[in-house]
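>>> Can you look at this prediction? I've put the sequence above it.
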Amino acid sequence: MDIRLLRKNEPLPMDLLLEADPSEELILSYAATGFCYAAEHQGERVGAYILLPLTDTAIEIKNIALETSRRGKGYGKELLNHALSEALRMGYETVEIGTGNSSIGQLALYQKCGFRIAAIDRDFFIRHYPEPIFENGIQCRDMIRLEYKGKGASG
Ligand SMILES: CC(C)(COP(=O)(O)OP(=O)(O)OC[C@H]1O[C@@H](n2cnc3c(N)ncnc32)[C@H](O)[C@@H]1OP(=O)(O)O)[C@@H](O)C(=O)NCCC(=O)NCCS
C-alpha cells in the first residue's frame, strides 16, 4: 500500500471517505482546509484519511477508511500510523480523533496506536444525525474524543 498526499486539484476518494462519515458536505469542508491522503494499491485507491488542523499545535484525523475487503488485516493500523507520523512531521504536538461509543473496533485500534480518551461529547450523534445509529448492538449516542501526544507535548 502506497500512501500519499493528494494535490488540491486531484479528485477526492469520496466513496472511501464517506465510509467513515456520511456527510459529503463536511468532507468537502475538511478537504478544503485540510490535507487528504490516499492509499493506493496497483493504481487503485484502497484507503484514505484527512488531516484537519484545529489550532497551531493540534490536528485531527478525519474520515480514516479502508476499502471493505482490506479491513481487519493490519492496513488500518498502517494508515493510522502514517497519519500520526505525517501530523508529527508537520510539527503538531497533539493529534486528535473522534469516534462513536459503539465503534468498538475503532476504539481498540486507536488505543493500541497510543491514543488516550480525552473527552466525551455526550449525545453528539443524537444531536447531529436524523436517524438512530446502531453498531455492535449498541446505540451510537456519544462521541469519544481521543488524543495522541507527541514528544514535547505537555499533558
Ligand atoms: C477503521 C478502519 C480504517 C480500521 O482498519 P482495519 O483494517 O479494520 O484495522 P486493523 O486490522 O489494521 O487494526 C485493527 C486493530 O484493532 C483491533 N481490534 C479490532 N476490534 C477489536 C476488538 N473488538 N477488541 C480488541 N481489539 C480489536 C485489532 O485486533 C487490530 O489490532 P492488532 O493489530 O493489535 O491485532 C476500517 O475498519 C474501516 O475502514 N472502517 C470503516 C470506516 C470507519 O469506521 N472509519 C473510522 C471512523 S471513526
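Arrived safely.
>>> Most proximal residue of this protein with respect to the ligand?
residue 76 (1.9 Å; C-beta to the nearest ligand atom). All C-beta atoms are positioned from the backbone trio N, CA, C, and that covers glycine.
>>> wait, what's in contact with that residue?
64, 66, 109 (C-beta atoms under 8 Å, 6 or more residues apart in numbering).
>>> and it, what pLDDT?
Confidence at residue 76, expressed as pLDDT, is 97.
>>> Adjust the sequence numbering to begin at 3 for everything that follows.
New numbering, starting at 3: the last item is residue 78.
>>> tell me the phi and psi of it?
Phi and psi for residue 78, reported as degrees, to the nearest 10, are phi -70, psi -40.
>>> how near is residue 21 to residue 35?
21 Å (C-beta to C-beta, to the nearest Å).
>>> If we only consider the contacts of residue 78, which is nearest to residue 97?
Taking C-beta to C-beta as the measure, residue 97 lies nearest residue 66 of the contacts of residue 78, at 11.6 Å.
>>> Tell me if the closest one really is in a helix.
No: under DSSP: H, G, I helix; E, B strand; the rest coil, residue 66 sits outside any helix and is assigned strand.
>>> Residue 94 reaches residue 63, doesn't it?
No: Residue 94 is not in contact with residue 63 according to C-beta atoms under 8 Å; the separation is 10.7 Å.
>>> Which of residue 21 and residue 35 has more residues huddled nearby?
Using other C-beta atoms under 10 Å, the more surrounded residue of residue 21 and residue 35 is residue 21, with 17 against 9.
>>> wait, what's in contact with the closest residue to residue 154 other than its chain neighbours?
Distance criterion C-beta to C-beta, 6 or more residues apart in numbering; nearest residue to residue 154, sequence neighbours excluded, is residue 95 at 6.2 Å. Contact analysis of residue 95 by C-beta under 8 Å, 6+ apart lists 59, 60, 151, 152, 154, 155.
>>> Identify all contacting residues around whichever strand or helix holds residue 39.
In this assignment (DSSP states H and E), residue 39 forms part of strand 37-43. If you take C-beta under 8 Å, 6+ apart as the criterion, strand 37-43 is touched by 3-8, 14-15, 18-19, 47-53, 68, 77, 80-81, 84-85, 88.
>>> Out of those, name the ones that lie in helices.
18, 19, 77, 80, 81, 84, 85, 88 (DSSP state H).
>>> The fourth one is in contact with residue 3, isn't it?
Meaning residue 80. Yes: with contact defined as C-beta under 8 Å, residue 80 reaches residue 3; the gap is 6.4 Å.
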